[in-house]
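Peer 1: Just the structure for this:
(chains A, B, C and D)
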Number of protein chains: 2
Amino acid sequence: MATLKDVARESGLTVGTVSRVLNNRGYISDSAREKVDQAMKKLNYRPNEVARSLSKSTSSTIGVIVPHIRHPYFTEMISNLEYQAYKKGYKVLLFNSRNTVEKEREYIEMCTGNKVAGIILCSGTVPVEVFGQIGIPVVTIERFLDNGMAAVECDNRQGGILAAEKLISCGCRHLLHVGNIGGVFMPADMRTEGFREVCEREHVPFEELLTEEIQYDSMMYGDMLEEVLRKYPETDGMFVNSDVIAAQTLQVCRKLHIDVPERLKIIGFDDVFLSTLTTPQLTTIHQPIREMAEIALNLLHDSVSGKLVAKRTVLPVSLVERETT
Amino acid sequence: MATLKDVARESGLTVGTVSRVLNNRGYISDSAREKVDQAMKKLNYRPNEVARSLSKSTSSTIGVIVPHIRHPYFTEMISNLEYQAYKKGYKVLLFNSRNTVEKEREYIEMCTGNKVAGIILCSGTVPVEVFGQIGIPVVTIERFLDNGMAAVECDNRQGGILAAEKLISCGCRHLLHVGNIGGVFMPADMRTEGFREVCEREHVPFEELLTEEIQYDSMMYGDMLEEVLRKYPETDGMFVNSDVIAAQTLQVCRKLHIDVPERLKIIGFDDVFLSTLTTPQLTTIHQPIREMAEIALNLLHDSVSGKLVAKRTVLPVSLVERETT
DNA sequence: GCATTTATGTCAATCGGTTATCATATTTTT
DNA sequence: AAAAATATGATAACCGATTGACATAAATGC
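Peer 2: Numbering: from 1, shown residues only, chains lettered A, B, ... in the order given. Below is the predicted model:
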């Protein structure tokens, strides 16, 4: 593999000048630029990013840590993050923490060891202290880690409100909400808050099923959903915390011969690809994943550049009506 | 951040000895090992992987290039590749080529520039020549790039055979196959071969709908499926090339009031998470994605170590019967 | 015609490990 | 007691690019 020196020799210039061309520093003439370009082409030269990172002691790589790759929400987030990273000239190191503290911690260390420019953290079980000393910008997405790090969220509470209002305006009077329960407080918990608020204000009774993180891992909620629907057979409106659970609710409904949306209306959350693949298609709360990814990367980019960035960015959600309401 | 020198000073040893401890080279006493350990802990030392990569001119990072992150098949593949990479001490640089030659080429260059140890290529539109000079081991998954690179595939032809046999044994007599069409020949095309073979052998008539790569990108096949099902209303058995298309077939069936599986049986391909989330759940051909990922990483690891590896590895598929047959 | 700007060369340190060479002990083996 | 194995030190080159200091020379401005 050709090195800078080779390019210098080939172009008849010195490493200093060639480096100046590559990094657009100082004075460079058009003729020098051309000579370097030609030499690079001739030698098929590609700068060694590793050497570059070493001397700059930072890289053009960012770490993306998610609790789950297979979960459609994170899949979509990863896809958008990769795209935004690409647009800004970053590469993505992908880490799947499986929601465990140990892997998360290990991955954060890998990020520092590999001198990533910054970290996008969609996973957040690690104690705050860990981030104290790493000296790398971190942007969280849909996590709370009250530590001065930039956070990007969607308006979860508003999502709960929209869902409740929609169900009630459709005439539902026996609501059921499937939400999260867990040790760590997460932004998604606010969905439950918003939902409750509206139900109480409108005096519409509702039941709650809070699921644990174990399900979050295997992502199979069928039995639990069947149980709760048998327990509350009069249920005519459901708001579930993700499209994955909503899809499984549809399966249970078929099994129990509950017509959707005629007898039971369902609203999911996320608006991922899956919500257009179920039969019937899911009405759901749209998270602006693309925009969240874009903003997260902007924040990270600005942090890396030493700029002061917003500590908290909340994006609006909206109701996407399809076939389950 | 503490460096090797700091550890040497702290432990009262020299960089040479500390390096020997870290890399398990030459003679090291237990006491030296201990001193180094303690010093590392005290200084919270993490080796700078960038510097390490530079001096070894290779890294513990692999590049994973896929044509699409959001497509469930690749999502699942990425998830498994990440896990297997983690187990072997590799990190994953993720690249989404969007099935374009330019991005693929660019990403391959990024891989070389970043001195990855190897590349897993799930995308394959790039001309073979590109791989001639990069000097990095490449393992392909479900792609043909007849270039001496190690390839991992599932037995696509067998998948087509299993699907056809199943449909026919269920009594279906008017089959329809939704397959791929494209400029580049891909292993997945063999599914069509296998399917045809059985149909012809058993004298069961069948129609074919070959979809183009454009659909592959947006992943919306609804209109096309509706059209073909209207054109061949007598269809009673379908074999579609992916679970994503199968899910959309279910939607069209509902719209056209075709009962599944009573009036029409459907078999998908891939056996991804999605196939358990549709209503009814999909009968499908199982691709052993986990094993494919594991083997791909083993091959890559062996290639990196300079071992001779199998040029082609074909894994068996199986029929997973759920609710659409 | 002198000052400034532009353009490049020369040289060397630096980033943080890796590794090889040679020297020098101490221990263990035979 | 001599030979071999074990253990560490000292030193420095090296990976490939970045960057700064300083020198020099041509082009441009006034």
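Peer 1: make it CA atoms for all contacts and neighbour counts henceforth
Peer 2: Will do.
Peer 1: residues in contact with the residue in the stretch 1-150 of chain A that chain B sits nearest to?
Peer 2: Nearest residue of the stretch 1-150 of chain A to chain B: residue A:93, at 4.6 Å (Cα to the nearest Cα). Shown in contact with residue A:93 (Cα atoms under 8 Å, 6 or more residues apart in numbering or on different chains): A:61-64, B:91-94.
Peer 1: ok but it is inside a strand, no?
Peer 2: Yes - applying DSSP: H, G, I helix; E, B strand; the rest coil, one finds residue A:93 inside a strand.
Peer 1: ok, it to DNA strand C distance?
Peer 2: In this view, residue A:93 and DNA strand C are 20 Å apart by Cα to the nearest atom of the strand, to the nearest Å.
Peer 1: Can you classify residue A:10 by secondary structure?
Peer 2: Assigned with three-state DSSP, residue A:10 falls in the helix class.
Peer 1: returning to what we had before: identify the bridge partners of the residue of the stretch 1-150 of chain A closest to chain B.
Peer 2: Beta-bridge partners for residue A:93, by DSSP bridges, are residue A:63, residue B:93.
Peer 1: which residues does residue A:173 contact?
Peer 2: For residue A:173, the contacting residues are A:204-205, A:235-237, by Cα under 8 Å, 6+ apart.
Peer 1: Most neighbours among those residues, which one is it?
Peer 2: For the contacts of residue A:173, the largest neighbour count, defined by other Cα atoms under 10 Å in any protein chain shown, is 29 neighbours, found at residue A:237.
Peer 1: so that residue makes contact with residue A:265?
Peer 2: Yes - using Cα atoms under 8 Å, residue A:237 is in contact with residue A:265, at 4.7 Å.
Peer 1: so what's in contact with those two at the same time?
Peer 2: A:167, A:172.
Peer 1: coming back round to it: what's the pLDDT at the residue of the stretch 1-150 of chain A closest to chain B?
Peer 2: In this prediction, residue A:93 carries a pLDDT score of 98.
Peer 1: Now residue A:210: phi and psi?
Peer 2: phi -100, psi 120 (degrees, to the nearest 10).
Peer 1: correct me, but it touches residue A:189?
Peer 2: No - taking contacts as Cα under 8 Å, residue A:210 lies outside contact range of residue A:189: 10.1 Å.
Peer 1: who touches both of the two?
Peer 2: Common neighbours of residue A:210 and residue A:189 are listed as A:179-181 (criterion: Cα under 8 Å, 6+ apart).
Peer 1: Just the buried subset of those, please.
Peer 2: A:179-180 (16 or more other Cα atoms under 10 Å in any protein chain shown).
Peer 1: Using pLDDT, spot the least trustworthy of the shared contacts of residue A:210 and residue A:189.
Peer 2: Among the shared contacts of residue A:210 and residue A:189, residue A:181 carries the lowest pLDDT, at 77.
Peer 1: And it, how close does it get to chain B?
Peer 2: Residue A:181 is 23 Å from chain B, where distance means Cα to the nearest Cα, to the nearest Å.
Peer 1: Return the residues in contact with that residue.
Peer 2: Contact analysis of residue A:181 by Cα under 8 Å, 6+ apart lists A:189, A:210-213.
Peer 1: And it, how far from DNA strand D?
Peer 2: 48 Å.
Peer 1: Look up how far residue A:187 lies from that residue.
Peer 2: Separation of residue A:181 from residue A:187 (Cα to Cα, to the nearest Å) stands at 12 Å.
Peer 1: just so I have it, where are all the strands in the stretch 1-150 of chain A?
Peer 2: Per DSSP state E, counting those that start in this stretch, the stretch 1-150 of chain A carries strands over the ranges A:61-66, A:91-96, A:118-121, A:138-141, A:150-154.
Peer 1: can these go into JSON lines with extra columns for distance to residue B:221?
Peer 2: Output for those, formatted as JSON lines (distance: least, Cα to Cα, whole Å):
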{"stretch": "strand A:61-66", "distance to residue B:221": "30"}
{"stretch": "strand A:91-96", "distance to residue B:221": "30"}
{"stretch": "strand A:118-121", "distance to residue B:221": "34"}
{"stretch": "strand A:138-141", "distance to residue B:221": "32"}
{"stretch": "strand A:150-154", "distance to residue B:221": "30"}
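Peer 1: Relative to residue B:193, which of these is closest?
Peer 2: Closest to residue B:193 of the strands of the stretch 1-150 of chain A, according to Cα to Cα: strand A:91-96, at 36.6 Å.
Peer 1: Next, the angle from the closest one to strand A:61-66.
Peer 2: Angle, strand A:91-96 to strand A:61-66, by axes from the mean of the first three to the mean of the last three Cα atoms, to 10 degrees: 20 degrees.
Peer 1: Would you check that residue A:144 makes contact with residue A:188?
Peer 2: No - applying Cα under 8 Å as the test, residue A:144 and residue A:188 come out as separate, 10.1 Å apart.
Peer 1: Close to chain B: what parts of chain A are there?
Peer 2: A:46-51, A:53-54, A:69-70, A:75-76, A:78-79, A:82-83, A:91-96, A:109, A:113-115, A:244, A:247-248, A:250-251, A:254, A:274, A:277-280 (Cα under 8 Å from any Cα of the partner chain).
Peer 1: Just the CA coordinates for stretch A:241-261, please, in CSV.
Peer 2: The C-alpha trace of stretch A:241-261 is given here as CSV (Å, rounded to 0.1, in the frame of the first residue of the first chain):
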residue,chain,number,x,y,z
ASN,A,241,-46.1,0.9,24.0
SER,A,242,-44.6,-0.5,20.7
ASP,A,243,-45.6,-1.8,17.3
VAL,A,244,-44.0,-5.1,18.1
ILE,A,245,-46.4,-5.6,21.0
ALA,A,246,-49.3,-4.3,18.9
ALA,A,247,-48.5,-6.9,16.2
GLN,A,248,-48.7,-9.6,18.8
THR,A,249,-52.0,-8.1,20.1
LEU,A,250,-53.4,-8.6,16.6
GLN,A,251,-52.5,-12.3,16.8
VAL,A,252,-54.2,-12.7,20.1
CYS,A,253,-57.2,-10.9,18.9
ARG,A,254,-57.6,-13.3,16.1
LYS,A,255,-57.2,-16.2,18.4
LEU,A,256,-59.9,-14.9,20.7
HIS,A,257,-62.1,-13.9,17.8
ILE,A,258,-62.0,-10.3,18.6
ASP,A,259,-62.5,-8.2,15.4
VAL,A,260,-60.1,-5.3,15.0
PRO,A,261,-60.9,-2.5,14.7
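Peer 1: Pull out the buried positions in it.
Peer 2: Residues of stretch A:241-261 classed as buried: A:241-253, A:258, A:260-261 (neighbour count, 16+ other Cα under 10 Å).
Peer 1: For that stretch, which outside residues touch it?
Peer 2: A:72, A:177-180, A:188, A:191, A:219-222, A:225-226, A:240, A:264, A:266-272, A:274-275, A:278-280, A:282, A:284, A:323-325, B:277-280.
Peer 1: Just the residues you listed: which are in strands?
Peer 2: Among the contacts of stretch A:241-261, the residues falling in strands (DSSP state E) are A:177-180, A:240, A:266-270, A:284.
Peer 1: Now tabulate the residues you listed in JSON lines and tack on distance to DNA strand C.
Peer 2: JSON lines is the format used below for the ones in strands among the contacts of stretch A:241-261 (distance: Cα to the nearest atom of the strand, whole Å):
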{"residue": "A:177", "distance to DNA strand C": "51"}
{"residue": "A:178", "distance to DNA strand C": "48"}
{"residue": "A:179", "distance to DNA strand C": "45"}
{"residue": "A:180", "distance to DNA strand C": "42"}
{"residue": "A:240", "distance to DNA strand C": "48"}
{"residue": "A:266", "distance to DNA strand C": "54"}
{"residue": "A:267", "distance to DNA strand C": "51"}
{"residue": "A:268", "distance to DNA strand C": "48"}
{"residue": "A:269", "distance to DNA strand C": "45"}
{"residue": "A:270", "distance to DNA strand C": "42"}
{"residue": "A:284", "distance to DNA strand C": "49"}
